[in-house]
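Undergrad: When you get a sec, could you give me coordinates for this:
(chains A and B)
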Amino acid sequence: MSMSDDWNKRNSFQEFYGWVSPTLRGYIFRVCGDAALADDIFQESFLKYLRTVRWDMKEQQQKAFIFKIASRLIIDNFRRIKPQALDLVEKSGENKSASLTHGEHLEPDMKKIFTTLKPRDRSLLWLAYVEEYSHEEISEMMGLKVKSIKVLLFRLRGAFAQMLRSKGYGREEQS
Amino acid sequence: MKTATCPREETLREAVAGGSLDPALRHHARQCPVCRDVLAVSGWMLKFRDLTLDNLRAHGPLPAPQELWDRAQAGRTIDLGTVNKALKPIYIYRKIAWLVSAVGSAVLLLLEFEKIKGLLASLPGLDALAAFLKKTTETGGGPLAQAIAPAALGLAAIILLILVTGIKRGDTRPKYPVHSK
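TA: Residues are numbered from 1 along each chain as shown, chains lettered A, B, ... in the order given. Okay, here's the model as predicted:
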C-alpha cells in the first residue's frame, strides 16, 4: 500500500466517521440501553469496519455495512448476556405521564415505550423508521428473511403506534 | 399472518424524513390505517432520534477517528514482545514438566535399578554389546575403550533429547510475519 493510498483512505475514513458516527452511536445506545456497553460496541464496530471494509464501496453502502456490523455485535452481545431492562423503575411505572405537551416528557416517554421492546425489535424500528433502510437491507443486516422482516415490522409498527397513542402521542400531525 | 400494506408507505416515510409532507399525503394518511401507523411511528421515532443525539452530545465526545484508525492498523500487526509475554506461562509450565519428568525418571531408575538391569540384560542386542566390550577389553582395548562406548550412547541420547525439545519449542513460535512496532 503506497503512502498516498494510505493517506487517501485515512482522509476518506475521517469524512465517513464524521458523517456516520453520531447516528450510529445513537442507534447502538438506544438498542443497548447502556452507555458504556454502547461505547464498546461503537468502537468495536469501527475497528471491524476498518479491518474488513472495501474502500471502493459507495458511502451509503459503507454506512449500511457498519450498521450491519453494529447490529450483529449487538445481537451477539445479547445472546451472551441475558437482555436487561433499561430501567426497571421506569418499566414498573404506569401511563401517568400522558404528555400532550411533549417537550421534556417526550424523551422519557419514548424511552419507556422503547424499553418494553426486545432488543431485536428496537433495532428493527430504528433501522426502518430512523435510518429508513428497506426491508431487503434490514434483512441483510439482521440475518433474517425479508418476509420475516415484513411481518415483524408490521406487528411492531401496530403495537408501537398503539403504545404511542396510549401515551398521548397519537396525533402524528404535530411534526 | 396477513400483513396489511399500502403502496404509498415508502413515499410517506421519505416525506416524513425529508420534512415535506404535502396535504394530499397527509389526507391519505388520515384515511389509511397502514399509513396512519407509519406516520405516527416515523414522526415520533425521528424526534426520538434527535433527542437521543442531543443527549449523547452532552454525554461525552466521540473517540477521535485518528485513534480508531491507529488501533485498527495496530490490530493488523503482531508484536513479538506481546506474543512472547502471552506465551510465557506456557514456556514456564513446559520447563516445569521437563524437570518433573527428569526427576521422576531418575527416582524410578534408582528405585527399580535391579529390575531395569534385569530387563536390559534380557534384551538380545545388549548381550552382543556386552560380548563386544568384553572382547575389546581382552584384546587390549583397556578401560578407556570400555568407557567410550557407554559415553557415546549417553551422548546420542542427550542429542536426541535436545533435538526433540528444540522441535517442540519451534512449533509454538508464530509462523506468520511478525512486525515489531
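Undergrad: CA only for contacts and neighbour counts going forward, please
TA: Will do.
Undergrad: sec struct for B:Thr5, please.
TA: Three-state call for B:Thr5 (DSSP: H, G, I helix; E, B strand; the rest coil): coil.
Undergrad: Outline the domain layout of chain B.
TA: With domains defined by automatic domain parsing, chain B comprises B:9-62, B:130-175.
Undergrad: Just confirm yes or no for the strand or helix carrying B:Leu56 near chain A.
TA: Element membership for B:Leu56 (DSSP states H and E) is helix B:33-59. Yes. Using CA under 8 Å from any CA of the partner chain, helix B:33-59 reaches chain A at B:36-46, B:48-49, B:51-53, B:56.
Undergrad: Can you check which helix is longest in chain A?
TA: helix A:3-32 (DSSP state H).
Undergrad: C-terminal to that one, what's the next element?
TA: helix A:35-52.
Undergrad: Counting by contacts, list what that next one packs against.
TA: helix A:3-32, helix A:59-80, helix B:65-74 (3 or more CA pairs under 8 Å, 6 or more residues apart in numbering or on different chains; DSSP states H and E).
Undergrad: Tell me which of the ones you listed lies nearest to A:Lys167.
TA: helix A:3-32 (19.3 Å; CA to CA).
Undergrad: The helices and strands packed on helix A:35-52 into TSV, with extra columns for distance to B:Lys135?
TA: Listed next are those as TSV, based on distance: least, CA to CA, whole Å:
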stretch	distance to B:Lys135
helix A:3-32	77
helix A:59-80	75
helix B:65-74	69
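Undergrad: Can you name the residues of chain A that neighbour chain B?
TA: A:10, A:13-14, A:17, A:21-23, A:26, A:30, A:43, A:46-48, A:50-51, A:106-107, A:110, A:126, A:129-130, A:132, A:150-151, A:154, A:157-158, A:160-161, A:164, A:169-172, A:175.
Undergrad: Give me the residue ranges of the chain where confidence is low.
TA: No chain in the question, so chain A it is. Scanning chain A with the threshold set as pLDDT under 70 gives A:1-2, A:81-104, A:170-175.
Undergrad: look at chain B instead
TA: B:1-3, B:75-79, B:133, B:136-137, B:140-147, B:149, B:165-181.
Undergrad: got the residues of it near chain A?
TA: Going by CA under 8 Å from any CA, the residues of chain B near chain A are B:1-4, B:13-14, B:17, B:36-46, B:48-49, B:51-53, B:56, B:62, B:65-66, B:68-69, B:71-73, B:76.
Undergrad: what about the helices in chain B?
TA: Per DSSP H, chain B carries helices over the ranges B:9-18, B:23-31, B:33-59, B:65-74, B:80-111, B:113-122, B:124-138, B:142-172.
Undergrad: State the distance from A:Ala128 to A:Arg157.
TA: Distance, A:Ala128 to A:Arg157, using CA to CA, to the nearest Å: 10 Å.
Undergrad: Show me which of the two is the more surrounded one.
TA: Neighbour tally, A:Ala128 and A:Arg157, criterion other CA atoms under 10 Å in any protein chain shown: the higher count belongs to A:Arg157, 22 against 19.
Undergrad: surely the more buried one meets B:Ser42?
TA: No. In this structure A:Arg157 lies outside contact range of B:Ser42 using CA atoms under 8 Å: 9.4 Å.
Undergrad: Show me what the longest helix of chain A is packed up against.
TA: Counting contacts by 3+ CA pairs under 8 Å, 6+ apart, helix A:3-32 is packed against helix A:35-52, helix A:59-80, helix A:119-129, helix B:33-59, helix B:65-74.
Undergrad: Nearest approach to A:Asp6 belongs to which of these?
TA: Closest approach to A:Asp6 among these (CA to CA): helix B:65-74, 10.9 Å.
Undergrad: which helices and strands does that closest one pack with?
TA: Applying 3+ CA pairs under 8 Å, 6+ apart, one finds that helix B:65-74 contacts helix A:3-32, helix A:35-52.
Undergrad: Now do that helix: distance to the chain's middle.
TA: 22 Å (CA atoms, centre = their mean, to the nearest Å).
Undergrad: Can you check what angle separates it from helix A:3-32?
TA: Using axes from the mean of the first three to the mean of the last three CA atoms, to 10 degrees, the inter-axis angle of helix B:65-74 relative to helix A:3-32 is 100 degrees.
Undergrad: What lies in contact with helix B:65-74?
TA: With CA atoms under 8 Å, 6 or more residues apart in numbering or on different chains as the test, helix B:65-74 has contacts from A:Arg10, A:Phe13, A:Gln14, A:Tyr17, A:Gln43, A:Phe46, A:Leu47, A:Lys48, A:Leu50, A:Arg51.
Undergrad: what separates A:Lys118 from A:Ile74, distance-wise?
TA: In this view, A:Lys118 and A:Ile74 are 12 Å apart by CA to CA.
Undergrad: Which residue of these two possesses the greater neighbour count?
TA: For A:Lys118 versus A:Ile74, the count of surrounding residues by other CA under 10 Å is larger for A:Ile74: 23 against 14.
Undergrad: thought the more buried one was touching A:Arg30?
TA: No. Using CA under 8 Å as the test, A:Ile74 is too far from A:Arg30 to be in contact (11.1 Å).
Undergrad: in stretch A:119-138, what counts as buried?
TA: Buried residues in stretch A:119-138, counted by 16 or more other CA atoms under 10 Å in any protein chain shown: A:119-135, A:137-138.
Undergrad: Using PDB, write down the CA coordinates of that stretch.
TA: The C-alpha coordinates for stretch A:119-138 follow below in PDB (Å, rounded to 0.1, in the frame of the first residue of the first chain):
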ATOM      1  CA  PRO A 119     -33.500  -5.500  21.600                       C
ATOM      2  CA  ARG A 120     -34.100  -7.000  18.100                       C
ATOM      3  CA  ASP A 121     -37.400  -5.100  17.800                       C
ATOM      4  CA  ARG A 122     -35.700  -1.900  18.900                       C
ATOM      5  CA  SER A 123     -33.100  -2.500  16.100                       C
ATOM      6  CA  LEU A 124     -35.800  -3.100  13.500                       C
ATOM      7  CA  LEU A 125     -37.800   0.000  14.400                       C
ATOM      8  CA  TRP A 126     -34.700   2.200  14.400                       C
ATOM      9  CA  LEU A 127     -33.300   0.800  11.100                       C
ATOM     10  CA  ALA A 128     -36.700   1.100   9.400                       C
ATOM     11  CA  TYR A 129     -38.000   4.400  10.700                       C
ATOM     12  CA  VAL A 130     -35.000   6.400  11.600                       C
ATOM     13  CA  GLU A 131     -32.300   5.200   9.200                       C
ATOM     14  CA  GLU A 132     -35.000   4.400   6.600                       C
ATOM     15  CA  TYR A 133     -33.500   1.200   5.300                       C
ATOM     16  CA  SER A 134     -35.500  -1.000   3.100                       C
ATOM     17  CA  HIS A 135     -36.800  -4.400   4.100                       C
ATOM     18  CA  GLU A 136     -34.100  -6.100   2.000                       C
ATOM     19  CA  GLU A 137     -31.300  -4.100   3.600                       C
ATOM     20  CA  ILE A 138     -32.600  -4.800   7.100                       C
END
